[in-house]
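In: Just the structure for this:
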Amino acid sequence: MPHTLDTTGLPPLLETIMRQWATRVGSAGLGMGEMITAEAAASTGSLKRRVTMTPALEIALARTVAASVNLAQALDRKGSNATGPRVDAFAALADLVEQLRVARPSDNTRSLGLGW
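Out: The predicted model follows:
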């Protein structure tokens, strides 16, 4: 079952980050959990550097990381069905995108001329 992530309305920088994360969540197969956790960590670091974090954004980000880790664990368990965890991860990604639509660039991002 293919999943897509609607990133409409995101600044290009954030859209790139979220599409990469969604691609990993959507394409990783059995035994590829490490790819998901690595992407979750890289994306989280990028978002924290580029966006002014708010409590709501922090919560959405934490939930998305937790859902991604849950999917990674399911993919790494022999005989596991990852369908439910993958659906949950996409739902968390979609919730995070909603928070990012109203996010503001961090001071560092603005100083680099990458603001939106």
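In: element containing the spatially closest residue to residue 114 that is not a sequence neighbour?
Out: Nearest non-adjacent residue to residue 114, counting by Cβ to Cβ, 6 or more residues apart in numbering: residue 13, 5.8 Å away. Any C-beta I mention is one placed from the backbone N, CA and C, and that applies to glycine too. Under the criterion of DSSP states H and E, residue 13 resides in helix 12-27.
In: what's the offset of that helix from the middle of its chain?
Out: Taking the mean C-alpha point of helix 12-27 and that of its whole chain, the gap between them comes to 7 Å (Cα atoms, centre = their mean, to the nearest Å).
In: Show me what the host helix or strand of residue 92 is packed against.
Out: Using DSSP H and E, residue 92 maps to helix 83-100. Helix 83-100 is packed against helix 12-27, helix 55-75, with contacts defined by 3 or more Cβ pairs under 8 Å, 6 or more residues apart in numbering; DSSP states H and E.
In: Serialize those helices to JSON lines and add fields for mean neighbour count, distance to residue 35 and mean pLDDT.
Out: Shown next, in JSON lines, are the helices and strands packed on helix 83-100 (neighbours: other Cβ atoms under 10 Å; distance: least, Cβ to Cβ, whole Å; pLDDT from 0 to 100):
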{"stretch": "helix 12-27", "mean neighbour count": "18", "distance to residue 35": "6", "mean pLDDT": "96"}
{"stretch": "helix 55-75", "mean neighbour count": "19", "distance to residue 35": "8", "mean pLDDT": "97"}
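In: Could you point out which of these sits nearest residue 101?
Out: Ranking those by distance to residue 101, with Cβ to Cβ as the measure, places helix 12-27 first at 8.7 Å.
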